[in-house]
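Asker: Show me the folded form of this:
(one chain, ligands or ions: 1)
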Amino acid sequence: MNASKKWRLGMLLSGRGSNFEAIQEAIEQGQLPNTEVAIVVSNHADAGGLMLAQSKGLKTAAFDKQQFENRAAFDRAVAETLQAHQVDLVILAGYDRIISAPLLEAYPARILNIHPSLLPAYGGKGMVGIKVHEAVVENREAHSGCTVHIVTDVVDGGAIVGQRSVPVLDSDTPETLAARILEQEHQLYSQAIREFIAKYFAQEGETDSYERNALV
Ligand code: GRF
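Answerer: Numbers count the residues shown, from 1 in each chain. I've put the predicted structure just below:
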């Protein structure tokens, strides 16, 4: 491996971007060595995370789904932008769109997502945001948490890279549980990215030689 090579992250987000912020801070503090954010992409031009990225001087791009014929055309444009910025690894950080074939094929086993539950529990289509925590509290689960996983064509179904567990308290509302889990997300995501890069990128040889399919 070229010692000066920096692994380039392409962040996709739709909202406030607190996970993106935590990852960027980990990079700035040297906790994610040889890694940099190449570009932050959003499907909402007014996403808080996009503003944050701009304030940090990072490259950004916004795509409006109305401008595209269908999901595949949208994802093809996103993939082309990521490739134009030499992105090695795509990080979904509160991105509210399902990823379709053109993007999956451009980055096979090279897209990570964070989900606010202990997958495979409370995952899948429609299990997003506060709905996850509402279901966990409703079912009086003893534990919940967060999971970083590889993105495949099965929603929330790809190989698990890392997980953190938190207790669910009797006094919890979906909102208090969400907040407790979010704190763990901010620690887990950088750690998982670091471990993923160490395992699948930062070995001898070029990225193309790695056994991508072994993961999915
Ligand atoms: C997080 O809870 C994450 O698990 C989910 O979306 C939320 C994003 O939050 N995928 P933020 O935009 O990173 O603050």
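
Asker: ok, and the closest non-adjacent residue to the spatially most central residue of the chain?
Answerer: The residue lying closest to the centre of the chain (Cα atoms, centre = their mean) is L92, at 2.6 Å. Nearest residue to L92, sequence neighbours excluded (Cβ to Cβ, 6 or more residues apart in numbering): N113, at 4.1 Å. From N, CA and C alone the C-beta is placed, and that goes for glycine too.

Asker: about what we covered before: for the residue nearest to the centre of the chain, phi and psi?
Answerer: Dihedral pair for L92: phi -90, psi 120, per degrees, to the nearest 10.

Asker: wait, what's in contact with it?
Answerer: Residues counted as contacts of L92 (Cβ atoms under 8 Å, 6 or more residues apart in numbering) are 12-13, 99, 111-114, 151.

Asker: So the residue of the chain found nearest the ligand versus Q86, what's the distance?
Answerer: Closest contact between the chain and the ligand, by Cβ to the nearest ligand atom, is at G94 (2.7 Å). Counting by Cβ to Cβ, to the nearest Å, the gap between G94 and Q86 amounts to 24 Å.

Asker: Same question for S18.
Answerer: From S18 to Q86 the distance is 26 Å (Cβ to Cβ).

Asker: Compare those two (neighbour count), which wins?
Answerer: Relative neighbour count places S18 above the other of S18 and Q86, with 18 against 11, counting by other Cβ atoms under 10 Å.

Asker: Could you tell me which residues of this protein lie near the ligand?
Answerer: Residues of the chain lying close to the ligand (Cβ under 6 Å from any ligand atom) are 13, 15-19, 49, 93-94, 114-116, 182, 185.

Asker: Weed out the non-buried ones from those.
Answerer: The neighbour-count test (16 or more other Cβ atoms under 10 Å) marks 13, 15, 17-19, 49, 93-94, 114-116, 185 as buried among those.

Asker: quick one, what contacts the residue nearest to K125 when sequence neighbours are not counted?
Answerer: Spatially, and ignoring its direct neighbours in sequence, K125 is nearest to V155 (4.9 Å; Cβ to Cβ, 6+ apart). For V155, the contacting residues are 98, 123-125, by Cβ under 8 Å, 6+ apart.

Asker: V155 is in what secondary structure piece?
Answerer: V155 is part of no helix or strand, with elements assigned from DSSP states H and E.

Asker: And for L182?
Answerer: Using DSSP H and E, L182 sits in helix 174-200.

Asker: and if you look at S165?
Answerer: Using DSSP H and E, the element containing S165 is strand 160-167.

Asker: what's the answer for T152, then?
Answerer: Going by DSSP H and E, T152 is not part of any helix or strand.

Asker: and it, how many neighbours?
Answerer: Neighbour number of T152 under other Cβ under 10 Å is 18.

Asker: these two touch, right, it and L104?
Answerer: Yes. With contact defined as Cβ atoms under 8 Å, T152 counts as touching L104 (7.0 Å).

Asker: Poorly predicted segments of this structure, please.
Answerer: 1-3, 202-216 (pLDDT under 70).
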